[in-house]
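> can you look at this prediction? I've put the sequence above it.
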Amino acid sequence: MKGIRLKKGQVIDLPVRRLGINGEGIGFYQKQVVFVEGAIPGETVRTRIAEVYSKYVRGKILQLKKASPHRVKAPCPVFRECGGCQLQHINYPKQLELKRELVVETFSRYTGRKDIPIQETIGMETPWNYRNKAQLPLKNLDSRLVMGLYAAGSHRLIDVGNCGVQHPLTNQILETTRKVLEEMSVPVYHEKKHRGTIRYLATRIGLTTGEAQLILISRTSHLPYEAEVVRRLRERLPQVVSIVVNVNPQRTSRVFGEKTRVLWGEEKMKEKLGSLTFALSAPAFFQLNPVQTVKLYDEVKRLAGLTGRETLVDAYCGSGTIGLWLAHKVKQVRGMDTVPEAIEDARENARINGIENVTYDVGAAENLLPDWLDQGFRPDVVVADPPRTGLGKAFMEALIRIQVPRFVYVSCNPSTLAKDCNRLIQSGYRVEAVVPVDMFPQTSQVECCTLLVHESSSREG
């Protein structure tokens, strides 16, 4: 392969320079890029080359020639097998430092600039047991019903047991449900044969309300022994206020289907962020780390620089969380999302909280914002929290056309964030601040809250 001289099976000593987007250590051997899972920047590792590609190679650690002082023993017994967490072997202060360095390096690579103001990563006081939602596949293995996560790049199910990043209540609800299904011999889904019933178990809990919702994701709309399963679940899980079945009959890797039916209790559960209450349906998106979500949204509020006179667009609004968080600081909020159920949730959440200066529309931000511009609407602030793929082309063009005074961009993907920011920089925007927020400790993921201000704006940033 052109440019790559390393061979599979070759052993090298590699100084590790930085962290990769997926948590691997990255080093350079004779100018060739080498990714090594489990290696930490600052270490020197003896590595065997395992995979060779056109532009890089992957290696496996044979020996730590020089270990990092930040290396710790990962507390999870299936840390290496599961793949859900990538950084448990690094102490938490160093995780925060490395995540900021990852953002700095990513912006430098995609913008060619080293003057982007990137702040320190906002971390958690207790970086464990933070996830309020879990969804795990089921499988029959050796006459036992196993629940867990698939090992990276495979369909080998790893029993994750009492997961350390999940809230203990989510672990309890899912394990209790697994036992009930096993007791009742409810058939689970067989992927190759496309038979059986239960595909996944999912649960979401309200950290402030104490409410919980249980979702049985099934190939079929009706479950075997449905009434008895529900009776046993109610008896053993008093925290659960909603038991629903979500139907996904397709041959697909997608978890949720389009239809949901309430088996018992409420259609929605409630959770609070600060003083706001949110009603959440089973498929609705809600941040997985409510403690850090408050910090993230407070950063959005701070960077938006609101005075109470602004009109604000909440693009990719989901169930309305960001716009409702900011509503008391602006004149008007307009939100949009492509998922009709999310817009219904957003409208209901506004009603629950008595917030009247918000409107929500079903549609893509890429389409609605240009339409609103054509109708003469000019927002003072735009907030966007798009999917990992980043901002849509038409939405980006609308931002360039509108020259919005302040654009606050919330992103879970530093690469698409930096690429999008580079395009906006070339079109008259400047990056005033990038604030990394650690929404998922022990993993390689990092969220960023970024403020861009248009150069033509007379307002001060």
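Ah, there it is. Residues are numbered from 1 along each chain as shown.
> all strands for the stretch 151-300 of the chain, in order.
Along the stretch 151-300 of the chain, counting by DSSP state E, counting those that start in this stretch, strands occupy 157-158, 198-205, 212-218, 240-247, 259-265, 269-273, 276-280.
> show me the strands in the stretch 351-461 of the chain, by range?
For the stretch 351-461 of the chain, applying DSSP E, counting those that start in this stretch gives strands covering 358-362, 381-384, 406-411, 429-437, 447-454.
> can you add mean pLDDT, distance to Val180 and mean neighbour count and give these back as CSV?
In this view, the C-beta of every residue, glycine as well, is placed from N, C-alpha and C. CSV is the format used below for those (pLDDT from 0 to 100; distance: least, C-beta to C-beta, whole Å; neighbours: other C-beta atoms under 10 Å):
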stretch, mean pLDDT, distance to Val180, mean neighbour count
strand 358-362, 97, 37, 18
strand 381-384, 97, 42, 26
strand 406-411, 98, 39, 25
strand 429-437, 97, 37, 22
strand 447-454, 97, 36, 25
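> and of those, who's closest to Leu174?
strand 447-454 (25.2 Å; C-beta to C-beta).
> okay if I get the strands of the stretch 151-300 of the chain as JSON lines plus mean pLDDT, mean neighbour count and distance to Pro379?
Putting those into JSON lines (pLDDT from 0 to 100; neighbours: other C-beta atoms under 10 Å; distance: least, C-beta to C-beta, whole Å) gives the following:
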{"stretch": "strand 157-158", "mean pLDDT": "88", "mean neighbour count": "18", "distance to Pro379": "46"}
{"stretch": "strand 198-205", "mean pLDDT": "97", "mean neighbour count": "24", "distance to Pro379": "32"}
{"stretch": "strand 212-218", "mean pLDDT": "97", "mean neighbour count": "25", "distance to Pro379": "34"}
{"stretch": "strand 240-247", "mean pLDDT": "97", "mean neighbour count": "22", "distance to Pro379": "36"}
{"stretch": "strand 259-265", "mean pLDDT": "95", "mean neighbour count": "15", "distance to Pro379": "34"}
{"stretch": "strand 269-273", "mean pLDDT": "94", "mean neighbour count": "20", "distance to Pro379": "23"}
{"stretch": "strand 276-280", "mean pLDDT": "93", "mean neighbour count": "20", "distance to Pro379": "22"}
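> include distance to Leu64 when you put those strands into JSON lines, please.
Formatted as JSON lines, the strands of the stretch 151-300 of the chain follow (distance: least, C-beta to C-beta, whole Å):
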{"stretch": "strand 157-158", "distance to Leu64": "25"}
{"stretch": "strand 198-205", "distance to Leu64": "38"}
{"stretch": "strand 212-218", "distance to Leu64": "42"}
{"stretch": "strand 240-247", "distance to Leu64": "45"}
{"stretch": "strand 259-265", "distance to Leu64": "49"}
{"stretch": "strand 269-273", "distance to Leu64": "43"}
{"stretch": "strand 276-280", "distance to Leu64": "45"}
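> out of these, flag the one nearest Leu288.
Per C-beta to C-beta, nearest to Leu288 of the strands of the stretch 151-300 of the chain: strand 198-205, 9.0 Å.
> any idea how far the closest one is from the chain center?
A distance of 17 Å separates the centroid of the chain from that of strand 198-205, by C-alpha atoms, centre = their mean, to the nearest Å.
> quick one on the thing from earlier: do you know which of the strands of the stretch 151-300 of the chain lies nearest Leu417?
Ranking the strands of the stretch 151-300 of the chain by their distance to Leu417 (criterion: C-beta to C-beta) puts strand 269-273 first, at 23.1 Å.
> give me the helices and strands touching that closest one, please.
Counting contacts by 3 or more C-beta pairs under 8 Å, 6 or more residues apart in numbering; DSSP states H and E, strand 269-273 packs against strand 276-280, helix 290-304.
> mind listing what's buried along stretch 37-55?
Buried residues in stretch 37-55, counted by 16 or more other C-beta atoms under 10 Å: Glu37, Gly38, Ala39, Ile40, Pro41, Gly42, Glu43, Thr44, Val45, Thr47, Ile49, Val52.
> got the contact list for the fourth one?
Okay, so that is Ile40. Val16, Leu19, Gly25, Ser68, His70, Arg71, His89, Ile90, Lys94 (C-beta atoms under 8 Å, 6 or more residues apart in numbering).
> the last one now?
By C-beta under 8 Å, 6+ apart, the contact set of Val52 is Met1, Ile4, Leu6, Lys7, Lys8.
> if you set the cut-off to 6 Å instead, what comes out?
Counting by C-beta atoms under 6 Å, 6 or more residues apart in numbering, Val52 makes contact with Ile4, Lys8.
> please report how far it lies from Gln32.
Look at Val52 and Gln32: by C-beta to C-beta, to the nearest Å, they are 10 Å apart.
> on that earlier part again, got CSV for the strands of the stretch 351-461 of the chain, with distance to Val294 too?
Formatted as CSV, the strands of the stretch 351-461 of the chain follow (distance: least, C-beta to C-beta, whole Å):
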stretch, distance to Val294
strand 358-362, 19
strand 381-384, 16
strand 406-411, 14
strand 429-437, 10
strand 447-454, 13
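> of all those strands, which one is nearest Thr203?
Taking C-beta to C-beta, strand 447-454 is the member of these nearest to Thr203, at 22.9 Å.
> first vs last residue of stretch 6-25, how far apart are they?
In stretch 6-25, first residue to last residue: 17 Å (C-alpha to C-alpha, to the nearest Å).
> I meant stretch 124-131, not that one.
Taking C-alpha to C-alpha, the first and last residues of stretch 124-131 lie 12 Å apart.
> among the contacts of Ile40, name the buried ones.
By 16+ other C-beta under 10 Å, those give Val16, Leu19, Gly25, Ser68, His70, Arg71, His89, Ile90, Lys94 as buried.
> go through this protein and flag its longest strand.
The longest strand of the chain (DSSP state E) is strand 56-66.
> tell me which residues of that strand come out buried.
Neighbour counts over strand 56-66 (16+ other C-beta under 10 Å) mark Tyr56, Val57, Arg58, Gly59, Ile61 as buried.
> what helix or strand is Arg5 located in?
For Arg5, there is no enclosing helix or strand under DSSP states H and E.
> gap between it and Glu299?
Taking C-beta to C-beta, one finds Arg5 at 45 Å from Glu299.
> render the CA-only coordinates of stretch 305-320 in PDB, please.
Extracted in PDB, the C-alpha atoms of stretch 305-320 (Å, rounded to 0.1, in the frame of the first residue of the first chain):
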ATOM      1  CA  GLY A 305     -25.700  37.000  26.000                       C
ATOM      2  CA  LEU A 306     -29.500  37.500  26.300                       C
ATOM      3  CA  THR A 307     -31.100  40.700  27.500                       C
ATOM      4  CA  GLY A 308     -34.800  39.900  27.200                       C
ATOM      5  CA  ARG A 309     -35.300  41.700  23.900                       C
ATOM      6  CA  GLU A 310     -34.200  39.000  21.500                       C
ATOM      7  CA  THR A 311     -36.000  36.600  19.100                       C
ATOM      8  CA  LEU A 312     -34.300  33.200  19.300                       C
ATOM      9  CA  VAL A 313     -34.400  30.200  17.000                       C
ATOM     10  CA  ASP A 314     -34.000  26.800  18.600                       C
ATOM     11  CA  ALA A 315     -33.000  24.600  15.700                       C
ATOM     12  CA  TYR A 316     -33.100  20.800  16.000                       C
ATOM     13  CA  CYS A 317     -35.100  21.400  19.200                       C
ATOM     14  CA  GLY A 318     -36.200  17.900  20.100                       C
ATOM     15  CA  SER A 319     -38.500  18.000  23.100                       C
ATOM     16  CA  GLY A 320     -37.800  21.700  23.500                       C
END
